[in-house]
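S.K.: Here you go, sequence then predicted model.
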Amino acid sequence: MFSFFIEILGTILLYFTWSPQIKFPHLQEQFFYSLFHSVSAFNNAGFSLFSDGLSNHLIHNSYGMHLIIAGLIFFGSIGFPVIQDLFNLERIKKSIKTPWSGLKLSTQISFYTALILIAFGTVMFYFLEQQNSLNGMKIEGQLISSLFHSISARTAGFNTIDFSILGTPMLIIFIFLMFIGASPGSTGGGIKTSTFTLIIYSACLLYTSDAADERSSVDLGGRRII
């Protein structure tokens, strides 16, 4: 039901944000383009009906559309268990008094890790691509493009710029983000954000403790993970 709702909502939003430069022969085709890209984005497929992807010159600067697609990718990548927990009505009522109260440990790991990775990718793309793909863009275009590719590269694969001009450092970071991928129970791939977080947490524990204290489990958020 959530998939159906978010994809229809995405279709409606995309329908009204296509660039006026695109001359759809009839309204049915405009609706189909909107539906196709909404489903493709939410399911982290990365398929586009444009031969050169979203870097097509007609929609290259359609930043509103880019944000909608980025939002669809994000909701598809954080996982249905996380979505169910975040939008649980009983938990939301409690969170009015105590923000983020009652979030499951798995939700916290997936959600916060995703936000950290998005922020990391956005900052790195913004600073590393100033003289490459972001050259000549206005500040809002640079920020939105950085955010979009940080979200998309990790789980979907859409592009609004020409990847052939990306610098090697950014390509290496993209490989790192793609390797981690999405969250458990989502429409994305990768080793999953929870696995990455536990690996880093376990490595930190191992580094800060004596070899004699090595254990086959870690304690995180008041839970023991074996």
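M.R.: On my side now, so go ahead.

S.K.: could you point out where the protein is predicted with low confidence?
M.R.: 99-101, 209-216, 226 (pLDDT under 70).

S.K.: All the helices of it, residue numbers only.
M.R.: For the chain, applying DSSP state H gives helices covering 2-15, 27-42, 63-77, 80-86, 89-95, 105-128, 139-155, 168-180, 193-208.

S.K.: tell me the angle the second one makes with helix 139-155.
M.R.: Between helix 27-42 and helix 139-155, the angle formed by their directions is 60 degrees, by axes from the mean of the first three to the mean of the last three Cα atoms, to 10 degrees.

S.K.: just the first one next, same as before
M.R.: Relative orientation of helix 2-15 versus helix 139-155 (the same axes, to 10 degrees): 150 degrees.

S.K.: Equivalent analysis for the last one, please.
M.R.: Counting by the same axes, to 10 degrees, helix 193-208 points 90 degrees away from the direction of helix 139-155.

S.K.: Next: the third one.
M.R.: Taking the same axes, to 10 degrees, helix 63-77 and helix 139-155 form an angle of 30 degrees between their directions.

S.K.: for helix 63-77, packing partners?
M.R.: Secondary-structure packing of helix 63-77 (3 or more Cβ pairs under 8 Å, 6 or more residues apart in numbering; DSSP states H and E): helix 2-15, helix 27-42, helix 105-128, helix 139-155. Bear in mind the C-beta positions are built from the backbone N, C-alpha and C, glycine included.

S.K.: quick one on the thing from earlier: redo the helices of the chain as TSV? Include distance to Ile225 and mean neighbour count.
M.R.: As requested, those are exported to TSV (distance: least, Cβ to Cβ, whole Å; neighbours: other Cβ atoms under 10 Å):
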stretch	distance to Ile225	mean neighbour count
helix 2-15	27	16
helix 27-42	30	18
helix 63-77	22	23
helix 80-86	16	18
helix 89-95	22	12
helix 105-128	9	18
helix 139-155	23	21
helix 168-180	18	16
helix 193-208	6	15
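
S.K.: which one of the helices and strands packed on helix 63-77 lies closest to Phe196?
M.R.: Evaluated over the helices and strands packed on helix 63-77, closeness to Phe196 peaks at helix 105-128, with 6.7 Å, by Cβ to Cβ.

S.K.: Which strands or helices does the closest one pack on?
M.R.: helix 63-77, helix 80-86, helix 139-155, helix 168-180, helix 193-208.
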